[in-house]
Structure formats: C-alpha cells, structure tokens
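Asks: From the sequence below, what's the structure:
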Amino acid sequence: MTPTPKEFKLLDQRDLRIMWSDGHVTRVSLQHFRDECPCAGCKGESDIFGDVRMPLQLPIAVPGKYELRRLIPVGNYAVAASWGDGHDSGIYSWDYLLDMETRMNPASGGTPDPSTLA
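Replies: Numbering: from 1, shown residues only. Modelled structure (predicted):
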C-alpha cells in the first residue's frame, strides 16, 4: 500500500517536512519543491502527438517565488501549493511527492540526503 502524508510542516521558512503514514520522513527545500512544480506552466505539456512543449523560462528572480504561503488539500490524493509570487497551479500528488523524494537521492531508495537540502 502506498504511504500517505500525515503531516506537512514548514521549517524555518526554508524547508518542508513531510511525515508519512509508514513512519518515514521527507525533508525538501522550498526551492527544490517549487522547482519541481508539476504544473504545465512549469514542466510543459504534451500535444496530441505526445510531443512535450516546454514553457519559456526566463532567468529572472521573482520576489516570493520560493515563499510557500500554504498547502491546500486536493481530495485524498494531493496538495496544491500556493506561492508568494501568486503561482498556485501545481498539484503535487502523493505518488509525485514519493517520486520526487526518490529523485532527490536515488541511491538511498528514497531517503533524501540532508546535505543536498541546504
């Protein structure tokens, strides 16, 4: 059975801690969490032929981009993040969060490496 988050906690306005139903804990920096936003505006979207169209990303520092304002439950399967710059279209499913955790440190089988979250 896939674990589900039991608690989200903001730590020092820099990191997000997720406590899971199976007892493990994920800690991810807000910058990484935002940079992994799964919405079409951030990650692109595919057309009817399956070609992914990436959005134009300008290297501009946007105030509030990494300031997490709130997490909003989406049914029993995800949370939506609302950011200080007004961005709020990313829906992070439980599976996506677990995959993101694995990508943070694939060698450990999903346990994030704290030294990469500083």
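Asks: what are the phi and psi angles of residue 96?
Replies: For residue 96, the backbone dihedrals are phi -60, psi -40 (criterion: degrees, to the nearest 10).
Asks: any idea how far residue 79 is from residue 22?
Replies: Between residue 22 and residue 79 the distance, using C-beta to C-beta, to the nearest Å, works out to 18 Å. No exception for glycine: its C-beta is placed from N, CA and C like everyone else's.
Asks: cool, residue 32 as well?
Replies: Using C-beta to C-beta, one gets 16 Å for the distance from residue 32 to residue 79.
Asks: more neighbours, these two?
Replies: residue 79 (20 against 17; other C-beta atoms under 10 Å).
Asks: part of a strand, is that one?
Replies: Yes. Secondary structure assignment (DSSP: H, G, I helix; E, B strand; the rest coil) places residue 79 inside a strand.
Asks: Helix or strand with the lowest mean pLDDT in this protein?
Replies: The helix or strand with the lowest mean pLDDT-type score in the chain, counting by mean pLDDT, DSSP states H and E, is strand 52-53 (a mean of 74).
Asks: and stretch 18-34, which residues are buried?
Replies: If you call a residue buried by 16 or more other C-beta atoms under 10 Å, then stretch 18-34 has these buried ones: 18, 20, 26-30, 32-34.
Asks: tell me which of those is nearest to residue 49?
Replies: Minimum separation from residue 49 among the buried residues of stretch 18-34 (C-beta to C-beta) is found for residue 34, which lies at 29.7 Å.
Asks: Which secondary structure state is assigned to that closest one?
Replies: Reducing the assignment at residue 34 to three states with three-state DSSP gives helix.
Asks: what's around the nearest residue to it once chain neighbours are set aside, how many residues?
Replies: Here the nearest residue to residue 34 in space, its sequence neighbours aside, is residue 66; by C-beta to C-beta, 6 or more residues apart in numbering that works out to 5.4 Å. Number of residues near residue 66 (other C-beta under 10 Å) recorded here: 19.
Asks: From residue 2, how far out is residue 66?
Replies: Look at residue 66 and residue 2: by C-beta to C-beta, they are 28 Å apart.
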